[in-house]
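A.B. asks: What would the 3D arrangement of this be:
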Amino acid sequence: HPQTHPPHGGHFNPAVSLAAMLSGGLTLMMLVPYWISQLFGGLIGAALAKVVSPEERFWNASGAAFVTVQEQGQVAGALGAEIILTMLLALAVCMGAINERTKGPLAPFSIGLSVTVDILAGGNVSGACMNPARAFGPAVMANYWSFHWIYWLGPLLAALLVGLFIRFFIGDGKTRLILKGR
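C.D. replies: Predicted coordinates:
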């Protein structure tokens, strides 16, 4: 029997979930429960990292995106990086795993590779977080909120742009809102 709703997949990134919802891979009703679960996941992950790490190691962890931006002069670059890096990731997920015409068996490899490339390219600029939940958990555990908004605005704006781009230009015929076709 045909599937009546799109598959949900295993997202752990609120920005990717937003892009998936905008491009038809997740229902609006599932978005908020996903976001709540993702934020709790980020919190639990950060709590576990803090418990098993000595204090100085927790702050120096290469994954601690929350300490990368230290001054106002870094904000524009970090925000730009988060937008671009998250767009690359969200495009890999939406076009590789959701869009009917372009999805394929190599999607997990493409998504993993996009994350790797993003971290190598943007790690020193913004921490290459690409994920509000991943920024939220450590921010709560360290009670460090300086420039935290970058890790929400950048990825969520990227998700919005990717969703619009897919809906208007590169999605398959049933996904696109204009220029419908095959």
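A.B. asks: thought residue 124 was touching residue 68?
C.D. replies: Yes - Residue 124 is within contact range of residue 68, at 7.4 Å (criterion: Cβ atoms under 8 Å). In this view, the C-beta of every residue, glycine as well, is placed from N, C-alpha and C.
A.B. asks: Counting neighbours, what do you get for residue 148?
C.D. replies: Other residues lying near residue 148 total 18 when counted by other Cβ atoms under 10 Å.
A.B. asks: nope, residue 93 is what I meant
C.D. replies: Considering only other Cβ under 10 Å, residue 93 is surrounded by 27 other residues.
A.B. asks: Give me the more crowded residue out of residue 124 and residue 68.
C.D. replies: residue 68 (20 against 10).
A.B. asks: check contacts around that one.
C.D. replies: 74, 78, 123-127 (Cβ atoms under 8 Å, 6 or more residues apart in numbering).
A.B. asks: And the helices in the protein, which stretches?
C.D. replies: Secondary structure of the chain by DSSP state H: the helices cover 14-22, 28-52, 55-60, 75-93, 107-126, 132-142, 150-165.
A.B. asks: and the ones you listed, which one's lowest on average pLDDT?
C.D. replies: Mean pLDDT values for the helices of the chain show the minimum at helix 55-60, a mean of 69.
A.B. asks: Let's have the helices of the chain in TSV, adding distance to residue 99.
C.D. replies: Below are the helices of the chain laid out as TSV (distance: least, Cβ to Cβ, whole Å):
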stretch	distance to residue 99
helix 14-22	10
helix 28-52	18
helix 55-60	39
helix 75-93	10
helix 107-126	10
helix 132-142	23
helix 150-165	11
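A.B. asks: Which of those sits closest to residue 100?
C.D. replies: helix 107-126 (12.4 Å; Cβ to Cβ).
A.B. asks: Quick check: buried residues in that closest one?
C.D. replies: 107, 110-111, 114-115, 118-119, 122-123, 125-126 (16 or more other Cβ atoms under 10 Å).
A.B. asks: Next, give me the two most distant ones among those residues.
C.D. replies: 107 and 125, at 26.7 Å, using Cβ to Cβ across the buried residues of helix 107-126.
A.B. asks: winner for burial among the helices of the chain?
C.D. replies: Burial of those is given as mean neighbour count (mean count of other Cβ atoms under 10 Å); helix 14-22 ranks first at a mean of 27.
A.B. asks: how near is residue 113 to residue 69?
C.D. replies: Using Cβ to Cβ, to the nearest Å, residue 113 is found at 26 Å from residue 69.
A.B. asks: Could you do residue 155 as well?
C.D. replies: 14 Å.
A.B. asks: Can you give me the end-to-end span of stretch 17-37?
C.D. replies: 12 Å (Cα to Cα, to the nearest Å).
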